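**Student:** My questions concern the predicted model and sequence given below.
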Amino acid sequence: MLWIKAWRETRMRFLLIAAIVAAMCAWAVFFPQTEIDGRHIDFRTSVYESVYYGKAKGVFGILVIFMGTGGLLRERSLRTAAFTLSLPVSRLRLVAVPVAVGLAELAAVALLPAMLLSILSILVGQTYPLSEALQFSILWFGFGSAIFAVAFFFSAIASGEFVAPAATYLMVMLQGYVAPVIGIEFVLRAMSGLGTVYRDPSGDVVATGLPWASLAAYSASALILFAVSGLLTQRRDF
Amino acid sequence: MLYLKSWYESRIRFLLSLIFLCGISSAVVFYFAYMHQHDRLQSRQSLDYARYIWAMIFKGGNSVREMFVFIVVFLGMGGLLRERAHGSAAFSLALPISRWRFIMARGLVGILEVSALSCVPALTVLALSRAIGQSFPPAQAIQFAILWSTCGAAFFAGAFLCSALVEGEYAAPVTALIALAIYSLTVNISVFGKYPLNTLNIHSVMSGEGMPYFRPEVVQITTLPWGTLICIFGIAVGFLALSAHVTQRQDF
């Protein structure tokens, strides 16, 4: 039942986000660019520029924030926390189930472009390799889960309706400024695969492999944030 | 009383936004001084202070302007649908005023808050530039503040309309951001370059980029596009009126 509750609470957001990502993928396939800055580009590069490098990735990166928001503190503001807390389940489970549902939704949205691009490309007589698209799905899920975890953590410590999304957005933007200085990957840049799945010194697209170390580090950070959120929720007086 | 109610409902968001915009604008100014001090600008001789400020604050692409737009979308969240979710709609509806007035008061307070916020980066740059031994033309700062104020009002009103239409936890801001993304993509399509709609690319109007009133070689606004600004403000008022109309017909 907790699973259905978590799904019903987030399905509107999930469906909206999935719809916009799907629409942007369809746009990239049906209306491909033919040149960028005077340089002729092929279909594959055009899709990469529109979906994985540019707008779709940016929209996904920002909207992931809203997939991680919610939790018992928000329920307290909406006066439904008492009902949820009276269910015969531990608080840890009350935290774990929304995390699992959220991550499943995140995985679904991350996989959506891979599925759509491969199928829709055939309709316009082109191909976009599924293996390549799946690598980006891994990047979107891996680095997106870190943004999701930050939003979830802020939801566990702040009850204000817009505090968690605003604070998460702020953190993501600040990371963009701080990351190059301290030598770590900026999440939104890492999702593009720049310097990892792709490097582009002369305009050519060359696969170099997934950044497993960064992915593992960000996933571990996300797990820590989930654990801290669970602990804080367990100790809080509602 | 309605204005006070609207202010109380949004003041935390407004004050946090004000602090954030002030902080990030200050950081941008002091980062220039830091780079200058450590000779990080030697390889980019052409990057003068005015160009740096325009690129980092007023232009776009991970700049303060984009953060301002994001903030304005959050400020736009409000209205009776949101109150119903919080269980306070019955109280507001019991007040002896029309729903139209209720929405207009919230809209007016929001637009005033957006106007105040749009002045923050400009004023911060003006105030702090002297502290690092640089200067930014006050006329330019004021003109950018006017552009942001008007365009911000349109973004605010659009977000406000979304929160009047869509119910559900975080569904309204998500819808508003999606609408913003769709709008931003649509106006950037080269097809529209031939039509007057291009002048209603609110992002470009705010930054001046590619606009006839902006001289990129000296990074200066020559004259404010009053016609475009009136059009954009008219759109904002239209969105607010539509929000009021939708709210009047809703069943609470």
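**Tutor:** Right, received. Where do you want to start? Keep in mind the model is a prediction, meaning the values are calculated, not measured. Numbers count the residues shown, from 1 in each chain, chains lettered A, B, ... in the order given.

**Student:** Least confident secondary structure element in the chain?
**Tutor:** Defaulting to chain A. Taking all helices and strands of chain A together, the one with the lowest average confidence (mean pLDDT, DSSP states H and E) is strand A:198-199, at a mean of 54.

**Student:** Can you look at chain B instead?
**Tutor:** Considering only helices and strands, the least confidently modelled element of chain B by mean pLDDT, DSSP H and E is helix B:80-86, at a mean of 80.

**Student:** Tell me the buried residues in it?
**Tutor:** Neighbour-count burial for helix B:80-86 flags B:80, B:81, B:82, B:83, B:84, B:85 (criterion: 16 or more other CB atoms under 10 Å in any protein chain shown). For every residue, glycine as well, the C-beta is placed using N, CA and C.

**Student:** How about the contacts made by the fourth one?
**Tutor:** Shown here is residue B:83, whose contacts under the criterion CB atoms under 8 Å, 6 or more residues apart in numbering or on different chains are B:89, B:92.

**Student:** again, 10 Å this time
**Tutor:** Shown in contact with residue B:83 (CB atoms under 10 Å, 6 or more residues apart in numbering or on different chains): B:9, B:89, B:90, B:91, B:92, B:93, B:102, B:252.

**Student:** do the same with the fifth one
**Tutor:** Remark: with contacts taken as CB under 10 Å, 6+ apart, residue B:84 is in contact with B:90, B:92, B:93, B:167, B:250, B:252.

**Student:** Against residue B:25, how distant is the closest residue to residue B:71 other than its chain neighbours?
**Tutor:** The spatial neighbour of residue B:71 that comes closest, neighbours along the chain excluded (CB to CB, 6 or more residues apart in numbering or on different chains), is residue B:17 at 4.6 Å. According to CB to CB, to the nearest Å, residue B:17 stands 12 Å off from residue B:25.

**Student:** which neighbours do the two share?
**Tutor:** B:67, B:68, B:120.

**Student:** So which of these wins on neighbours?
**Tutor:** Top of the shared contacts of residue B:17 and residue B:25 by neighbour number is residue B:68, holding 27 neighbours under the definition other CB atoms under 10 Å in any protein chain shown.

**Student:** so which strand or helix has that residue?
**Tutor:** Using DSSP states H and E, residue B:68 falls within helix B:64-75.

**Student:** how about low-confidence regions in the chain?
**Tutor:** In the absence of a named chain, chain A is used. Chain A contains residues with pLDDT under 70 at A:195-208.

**Student:** ah, I was thinking of chain B
**Tutor:** Within chain B, the stretches falling below the threshold (pLDDT under 70) are B:39-47, B:61-62, B:189-199.

**Student:** Next, residue A:40: phi, psi?
**Tutor:** Torsion angles at residue A:40 (phi, psi; degrees, to the nearest 10) stand at phi -70, psi 130.

**Student:** what's the neighbour count on it?
**Tutor:** Residues contacting residue A:40 under the criterion other CB under 10 Å number 10.

**Student:** these two touch, right, it and residue A:32?
**Tutor:** No: between residue A:40 and residue A:32 no contact is recorded; they are 11.9 Å apart, counting by CB atoms under 10 Å.

**Student:** Show the contacting residues for residue B:54.
**Tutor:** B:48, B:63, B:65, B:136, B:140, B:144, B:207-209, B:214, B:216, B:219-221.

**Student:** and of these, the nearest to chain A?
**Tutor:** Using CB to the nearest CB, residue B:63 is the member of those that lies nearest chain A, at 10.0 Å.

**Student:** re earlier: just the buried residues of the contacts of residue B:54.
**Tutor:** Among the contacts of residue B:54, the ones that count as buried (16+ other CB under 10 Å) are B:63, B:65, B:136, B:140, B:144, B:207, B:208, B:209, B:214, B:219, B:220, B:221.

**Student:** Run through the strands of the stretch 101-250 of chain B in chain order.
**Tutor:** Using DSSP state E, counting those that start in this stretch, the strands of the stretch 101-250 of chain B run over B:214-215, B:220-221.

**Student:** again with chain A
**Tutor:** Taking DSSP state E as the criterion, chain A carries its strands at A:35-36, A:39-40, A:198-199, A:206-207.

**Student:** could you give the angle of the longest helix anywhere in chain B to helix B:64-75?
**Tutor:** With residue count as the measure and DSSP state H as the assignment, chain B has helix B:2-37 as its longest helix. Per axes from the mean of the first three to the mean of the last three CA atoms, to 10 degrees, the angle that helix B:2-37 makes with helix B:64-75 is 160 degrees.

**Student:** right, and the helix or strand after helix B:2-37?
**Tutor:** Going down the chain from helix B:2-37, the next helix or strand is helix B:49-53, by DSSP H and E.

**Student:** Could you name the helices and strands sitting against that following helix?
**Tutor:** Helices and strands touching helix B:49-53, by 3 or more CB pairs under 10 Å, 6 or more residues apart in numbering or on different chains; DSSP states H and E, are helix B:2-37, helix B:99-129, helix B:138-165.

**Student:** ok, and for the last one, which residues are buried?
**Tutor:** Residues of helix B:138-165 classed as buried by neighbour count (16+ other CB under 10 Å): B:140-165.

**Student:** And for stretch A:96-103?
**Tutor:** A:96, A:97, A:98, A:99, A:101, A:102, A:103.

**Student:** Next step: these restricted to helices.
**Tutor:** Among the buried residues of stretch A:96-103, the members falling in helices (DSSP H) are A:96, A:97, A:98, A:99, A:101, A:102, A:103.

**Student:** Which residue lies nearest the spatial centre of chain A?
**Tutor:** In chain A, the C-alpha nearest the mean C-alpha coordinate belongs to residue A:144, at 3.1 Å (CA atoms, centre = their mean).

**Student:** Distance check, that residue against chain B.
**Tutor:** Counting by CB to the nearest CB, to the nearest Å, the separation of residue A:144 from chain B is 15 Å.

**Student:** nearest spatial neighbour of that residue, skipping sequence neighbours?
**Tutor:** Computed as CB to CB, 6+ apart, the closest residue to residue A:144 that is not its neighbour in sequence is residue A:64, at 4.8 Å.

**Student:** cool, residue A:214 as well?
**Tutor:** Take residue A:214 and drop its neighbours on the chain: the residue closest to it by CB to CB, 6+ apart is residue A:185, 4.8 Å away.

**Student:** how near is that neighbour to chain B?
**Tutor:** In this structure, residue A:185 lies at 15 Å from chain B, with CB to the nearest CB as the measure.

**Student:** So which bits of the stretch 101-250 of chain B are right by chain A?
**Tutor:** Taking CB under 10 Å from any CB of the partner chain as the criterion, the stretch 101-250 of chain B approaches chain A at residues B:166-175, B:177-182, B:184-185, B:188-191.

**Student:** Report the central residue of chain B.
**Tutor:** Closest to where the C-alpha atoms of chain B average out (CA atoms, centre = their mean) is residue B:152, at 3.0 Å.

**Student:** OK, contacts around that one?
**Tutor:** Counting by CB under 10 Å, 6+ apart, residue B:152 has contacts B:65, B:68-69, B:71-72, B:75-76, B:110-111, B:113-115, B:117-118, B:145, B:202, B:206, B:232, B:236.
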